[in-house]
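Peer 1: need a 3D model of the following:
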Amino acid sequence: MAKFFEEPICKECNLEFRTIFKKLTPDQVDFLTSNKTCSMVKRGTVLYQEGNRISGIYCVSKGILKIYKTGTEGKEQIIKFAKKGYVVGYRSTLISEPACTSVKVLEDATLCYISSQELYHLLKANSEFGIELLQIACKELGEANDYLTDIAQKSVKERLAEILIHLKDEFGVNSEEIINITLTREELANIIGTATESVIRLLSEFKSDGIIELQGRKIKLVDLNKLKKISNTF
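Peer 2: Coordinates of the predicted model:
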């Protein structure tokens, strides 16, 4: 990872992104700023893989990370994405276990690394920060339960419609109403747990029905109400 010399300022990140560190006192934010290590990381870089021992967390100041698991045949199952203000690696760091997921840079990123020693120092000094981290863990557990329910009860078409809506809500759209994240058809398939060919066919169907428009990998949602109806998210 290349050193990023104009390091993000924690106080400014907290104000802009409302990170998990928003509960820290000014002195604790200064401690964090002094002890973190920030870097620019290129697209395609793997931060760590399943089974690796990690000794700290990464906070995303810029860019997007892909968090995934790898199946027995090498097929990825994308768990979630981490954008600016998100942290990754905290579960394995806190319980001192090997990483249960892999993390790869999807879009060029600026990341701040906080070691386990600094993280424990802040947790011991600020109980509200600890509660904030616990709430995030509970939220992610709830999302995982929802995903398992969708896999069991929804069709591939319903799941694809739902993930397109989720990506729009999570990353927003640009001035042309195109979702602000670019994914391959394979990555979309890896999110919803299906074959790439199925995603290609369904996207073509959505396009023919006037629900979306496609510009290469870019996707524009034209008829959100129809997409919600398909996804059964009303």
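Peer 1: touching stretch 173-187 from outside, list them.
Peer 2: Under the criterion C-beta atoms under 8 Å, 6 or more residues apart in numbering, residues 64, 66, 76, 78, 81, 106-107, 164, 167-168, 170-172, 191, 196, 199-200, 203, 215, 217-221 lie in contact with stretch 173-187. Backbone N, C-alpha and C define where each C-beta goes, glycine included.
Peer 1: keep only those of those residues that are in helices.
Peer 2: Among these, DSSP state H puts 164, 167-168, 170-171, 191, 196, 199-200, 203 in helices.
Peer 1: any of these buried? List them.
Peer 2: Buried members of the ones in helices among the contacts of stretch 173-187, scored by 16 or more other C-beta atoms under 10 Å, are 164, 167-168, 191, 199, 203.
Peer 1: now these as JSON lines including distance to residue 210 and pLDDT?
Peer 2: JSON lines is the format used below for these (distance: C-beta to C-beta, whole Å; pLDDT from 0 to 100):
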{"residue": "164", "distance to residue 210": "14", "pLDDT": "96"}
{"residue": "167", "distance to residue 210": "19", "pLDDT": "95"}
{"residue": "168", "distance to residue 210": "17", "pLDDT": "95"}
{"residue": "191", "distance to residue 210": "24", "pLDDT": "92"}
{"residue": "199", "distance to residue 210": "19", "pLDDT": "97"}
{"residue": "203", "distance to residue 210": "13", "pLDDT": "97"}
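Peer 1: now, among those, which is nearest to residue 138?
Peer 2: Checking those against residue 138 with C-beta to C-beta, the nearest one is residue 191 at 22.1 Å.
Peer 1: can you show me the helices along the chain?
Peer 2: 10-17, 26-35, 90-95, 116-125, 127-153, 156-171, 185-192, 196-208, 224-231.
Peer 1: figure out which of these is closest to residue 71.
Peer 2: Per C-beta to C-beta, nearest to residue 71 of these: helix 185-192, 9.8 Å.
Peer 1: only alpha carbons, please: show that closest one as CSV.
Peer 2: The C-alpha trace of helix 185-192 is given here as CSV (Å, rounded to 0.1, in the frame of the first residue of the first chain):
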residue,chain,number,x,y,z
ARG,A,185,-22.4,-9.3,-13.8
GLU,A,186,-20.5,-12.0,-12.0
GLU,A,187,-20.3,-9.8,-8.9
LEU,A,188,-24.1,-9.2,-9.0
ALA,A,189,-24.5,-13.0,-9.3
ASN,A,190,-22.2,-13.5,-6.3
ILE,A,191,-24.3,-11.2,-4.2
ILE,A,192,-27.6,-13.0,-4.7
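Peer 1: I am finished for the moment; much appreciated.
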